[in-house]
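# quick one, fold the following:
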Amino acid sequence: MDHYSRSARNTFSGLILSRKLPPDVPDFGQTSSRALYVVVRGDEVLFDATQSEPLLLAQNMLGGCDQDHLQAMLLGDDGRHCYFAVNIDRLPSGTASCLGSLGTFVPLRRHAAAMPSQLAALLGYARAAAGWHSLARFCSLCGHPTAPKPGALAQTCTNPDCGAQHFPRVNPAMIVLVHHADAHGERCLLGRQSTWNPRVYSALSGYVEPGESAEDAVLREVMEETGIKVDDVRYFSSQPWPFSDSLMLGFHARAINTEIYLDVTELEDARWFSRHEIPSLLDSGELVLPSAETIARHLFDAWYSHDYTDRG
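Residues are numbered from 1 along each chain as shown. Got it, this is the predicted structure:
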């Protein structure tokens with residue numbers, strides 16, 4: 001399988017959308033029958049009253065809500081609909097209350113893995129846009145408030161003497177499933193943070209720092225967190241992660257040494273898990289793997305099924 005196909009299988013990936021405003025749709029979607037709005041509050045998205053389906057609002061569904069202050073951000077057009085994100089946290093209280101009354105806010109991660117892939121990718125994109133919108137309230141050059149740029153996913157400084165345009169930033173992060181094989185069999189290295197649910201272990205991850213390649217970050221993070229040196233670093237796939245404005249770059253890597261020296265400021269625990277013991281640990285609940293919408297789970301599944309090496 002090629003790298004694009006692997007990445008497209010990751011939740012929130014593979015969105016097919018033209019990110020330009022079509023000529024028949026106004027800048028913020030006003031009066032257009034093709035406009036649909038995704039309403040976001042933090043990590044939550046507006047769902048219908050049953051909390052089973054996301055509520056994409058058409059113009060005729062907005063009712064008495066004040067449309068002049070939606071601050072809608074263009075996401076893109078799929079030929080049938082033109083999508084906009086609305087960050088309820090930046091709206092006047094009256095407009096926010098009106099929109100919130102149309103449905104129920106539900107954490108996106110609760111349903112993301114079970115959604116059709118294009119819908120999950122669209123909602124993840126909206127969540128990422130809204131998250132950046134919350135962080136871009138003021139111009140980083142002069143400190144004046146910003147306002148959405150018409151027909152774009154951008155913020156413009158309202159200071160006429162500045163007028164700087166600000167665009168979303170993506171934070172590159174690596175995530176790696178480290179493995180090792182010897183006479184006793186195959187093992188993978190998993191760690192956990194203290195804030196996670198009990199017994200959840202995952203692949204190791206960290207942000208790429210200035211002056212690093214993604215592979216450099218793999219070597220550094222694994223060494224810093226566990227004292228394990230790695231080589232044979234192989235790219236597997238990537239995933240946009242909307243909850244931290246990150247692009248997760250997924251790798252597999254081979255351990256050179258196996259003795260763990262844990263950095264307790266980063267991880268609560270890190271362990272080697274042998275392939276033969278994993279089924280019983282999962283059955284007993286002693287080990288809980290990352291949930292299905294994460295690239296961490298895909299990295300683990302690929303290793304467990306021997307589908308992690310490049311064959312091209």
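# and the residue sitting furthest away from the middle of the chain, how close does it get to residue 258?
The C-alpha centroid of the chain is most remote from residue 183, which lies 38.4 Å away (Cα atoms, centre = their mean). Separation of residue 183 from residue 258 (Cβ to Cβ, to the nearest Å) stands at 13 Å. The C-beta positions use only the backbone N, C-alpha and C, and glycine is treated the same way.
# pop the domain breakdown of the protein in here.
12-127, 136-169, 171-304 (automatic domain parsing).
# could I get those domains as TSV with distance to residue 2?
Below are the domains of the chain laid out as TSV (distance: least, Cβ to Cβ, whole Å):
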stretch	distance to residue 2
domain 12-127	13
domain 136-169	27
domain 171-304	10
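# any chance of a markdown table for the ones you listed, columns mean pLDDT?
A markdown table is the format used below for the domains of the chain (pLDDT from 0 to 100):
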| stretch | mean pLDDT |
| --- | --- |
| domain 12-127 | 93 |
| domain 136-169 | 94 |
| domain 171-304 | 96 |
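# right, and these - which one's nearest residue 3?
domain 171-304 (6.2 Å; Cβ to Cβ).
# measure the closest one end to end?
29 Å (Cα to Cα, to the nearest Å).
# can you pull out the helices in the stretch 101-250 of the chain?
For the stretch 101-250 of the chain, the helices defined by DSSP state H, counting those that start in this stretch occupy 108-111, 117-135, 214-226.
# wait, which of those helices is closest to residue 95?
Nearest to residue 95, of all the helices of the stretch 101-250 of the chain, is helix 117-135, at 14.7 Å by Cβ to Cβ.
# for that closest one, name the packing helices and strands.
strand 35-41, strand 44-47, strand 73-77, strand 82-87, helix 108-111, strand 230-241 (3 or more Cβ pairs under 8 Å, 6 or more residues apart in numbering; DSSP states H and E).
# could you redo the last one with a cut-off of 10 Å?
When contacts are defined as 3 or more Cβ pairs under 10 Å, 6 or more residues apart in numbering; DSSP states H and E, helix 117-135 sits against strand 35-41, strand 44-47, strand 56-58, strand 73-77, strand 82-87, helix 108-111, strand 155-157, strand 230-241.
# check which residues of the last one are buried.
I take that to be strand 230-241. Within strand 230-241, the residues scored as buried using 16 or more other Cβ atoms under 10 Å are 230, 233, 235-241.
# and which of those is nearest to residue 33?
Closest approach between the buried residues of strand 230-241 and residue 33, by Cβ to Cβ: residue 240, at 29.4 Å.
# surely that closest one is in contact with residue 124?
Yes - counting by Cβ atoms under 10 Å, residue 240 does reach residue 124; the two are 6.4 Å apart.
# ok, residue 176 to residue 236 distance?
From residue 176 to residue 236 the distance is 9 Å (Cβ to Cβ).
# overlap in contacts of those two?
249-252, 299 (Cβ atoms under 10 Å, 6 or more residues apart in numbering).
# what about the nearest residue to residue 79 once chain neighbours are set aside, neighbour count?
Excluding the flanking residues, the one nearest residue 79 by Cβ to Cβ, 6 or more residues apart in numbering is residue 18, at 7.9 Å. Residues within reach of residue 18, counting by other Cβ atoms under 10 Å, total 11.
# residues contacting residue 18?
Contacts for residue 18 (Cβ under 10 Å, 6+ apart) come out as 76-79, 82.
# using CSV, lay out the residues you listed together with distance to residue 283 and neighbour count.
Shown next, in CSV, are those (distance: Cβ to Cβ, whole Å; neighbours: other Cβ atoms under 10 Å):
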residue, distance to residue 283, neighbour count
76, 44, 19
77, 47, 19
78, 43, 16
79, 47, 10
82, 48, 23
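# from these, which two are the most distant?
76 and 79 (10.4 Å).
# which neighbours do those two share?
Residues touching both residue 76 and residue 79 by Cβ under 10 Å, 6+ apart: 16-18, 22.
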